[in-house]
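Asker: Provided below for reference: sequence and predicted model.
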Amino acid sequence: MDTGDGSGSNAAMLTNLFRLDGTPKVHQQEEAMPSMSPGDDVTNILFRGEQWYQPRKKIKKVTFRNVSIQNMDLFQLTFTECTFEDCLFNGSRFREVEFHKCRFVNTSMWKAKFEQCYLDPRTIRLDRRYRVEAANVPVTMYQALLSNYSNERQDAFYADADIQFRRWKRYQLDWDIRSGKVDRMPGEWAKLKSLIYDVLAGYGYKPVRLFGFTIFFFLAISLLNHLLIGADLVVNGTRPAAPSIVDSIFYSFSVLTVLGFSTVVPDSPFAKMLTVFEALAAIGWLSIFTSVLVKRFLR
């Protein structure tokens, strides 16, 4: 899945992430709306008022660029195949608004609210600059989207948005550390835990990925055991003339899955102590794996 940080995007960003570039035209609520027919570009406009556009309006294949629709109420609108670049929706309220096959590029929705909305979080792209200057913007946006997805039972969107929310919380820790809000050591440790959880299991939403890492780690431990204690394994009551990689794999998976030794057992003090350590570590790992399965399939 894309990280949602805008990597590879060619869109220019606003000079100030909370203000439009240049001197945009100011549009008052009582004025006639600009043309929004398919193929039109709506650019360099600052909309002012309490409500944006009339209800039940459908807008298709329109590009909005350097447009501000802040602190306004958007009600019963449907956007289809529209693009929003360098736009500001800060503080706005979206009610019964649908975005189908739309794209959001470096569009700020800081403290926006969403009620009964349809918006695929995978269509949102934010430049890496947000990580440095305004990670709190996507944090509040994804937090509001999560509430909407939960209420609307849009489970797939909820999972994607939750992953992005947790990633941006991790990025925000950099700012909190630099500003002194969080001590460096606890902050760096929290970032590391978040990164590991993201890479290994997609914050609990990628159990297949975690299963793949589990098999890889178990095989790696099997190889390590073969090198360290392969000659100290007793098979069916006798010590083989030469260590067998198959026996080492069988032994290691028996220990790591907490199934018991079966016909292969350790026969040296070092091998026994290593076995105890691996078994204890495996209990913790399998507990994490089980919790991920529960979170993904029984939520």
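Answerer: Okay, I see it. What you are looking at is a predicted structure, and each value in this text was computed from that prediction instead of being measured.
Asker: For the helix or strand hosting Lys193, what is the distance to the chain centroid?
Answerer: Assessed by DSSP states H and E, Lys193 sits inside helix 184-201. When distances are taken as Cα atoms, centre = their mean, to the nearest Å, helix 184-201 is centred 13 Å away from the chain's centroid.
Asker: okay, the angle between the helix or strand that it is followed by and helix 184-201?
Answerer: Moving toward the C-terminus from helix 184-201, the next helix or strand (DSSP H and E) is helix 207-229. Counting by axes from the mean of the first three to the mean of the last three Cα atoms, to 10 degrees, helix 207-229 lies at 100 degrees to helix 184-201.
Asker: by contact count, what packs against helix 207-229?
Answerer: Helix 207-229 sits against helix 184-201, helix 245-256, helix 269-297, with contacts defined as 3 or more Cβ pairs under 8 Å, 6 or more residues apart in numbering; DSSP states H and E. All C-beta spots, glycine's among them, are computed from the backbone N, C-alpha and C.
Asker: Most tightly packed of the ones you listed?
Answerer: helix 245-256 (a mean of 20; mean count of other Cβ atoms under 10 Å).
Asker: looking at the helices and strands packed on helix 207-229, which has the lowest confidence?
Answerer: Of all these, mean pLDDT reaches its minimum on helix 269-297 (a mean of 86).
Asker: Which strands and helices lie in contact with it?
Answerer: helix 207-229, helix 245-256, strand 264-266.
Asker: Generate TSV for those, with distance to Ser147 as supplementary columns.
Answerer: What follows is those, written out as TSV (distance: least, Cβ to Cβ, whole Å):
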stretch	distance to Ser147
helix 207-229	25
helix 245-256	40
strand 264-266	53
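Asker: re earlier: could you export the helix holding Lys193 as CSV, CA atoms only?
Answerer: These are the backbone C-alpha positions of helix 184-201, laid out as CSV (Å, rounded to 0.1, in the frame of the first residue of the first chain):
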residue,chain,number,x,y,z
ARG,A,184,14.2,12.4,23.0
MET,A,185,14.7,8.9,24.3
PRO,A,186,11.0,8.1,24.9
GLY,A,187,10.1,9.8,21.6
GLU,A,188,12.7,7.8,19.6
TRP,A,189,11.6,4.6,21.3
ALA,A,190,7.9,5.2,20.5
LYS,A,191,8.9,5.9,16.8
LEU,A,192,10.9,2.7,16.6
LYS,A,193,8.1,0.6,18.0
SER,A,194,5.6,2.2,15.6
LEU,A,195,8.0,1.7,12.6
ILE,A,196,8.5,-2.0,13.5
TYR,A,197,4.8,-2.6,13.9
ASP,A,198,4.2,-0.9,10.6
VAL,A,199,6.8,-2.9,8.7
LEU,A,200,6.0,-6.3,10.2
ALA,A,201,2.2,-6.2,10.3
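Asker: Show me what that helix is packed up against.
Answerer: helix 155-178, helix 207-229.
Asker: and the longest one, how far out from the chain's middle?
Answerer: Averaging C-alpha positions (Cα atoms, centre = their mean) puts helix 155-178 6 Å from its chain's average.
Asker: Next, the angle helix 269-297 makes with it.
Answerer: Using the same axes, to 10 degrees, helix 155-178 lies at 120 degrees relative to helix 269-297.
Asker: report the longest strand in this protein, please.
Answerer: strand 41-48 (DSSP state E).
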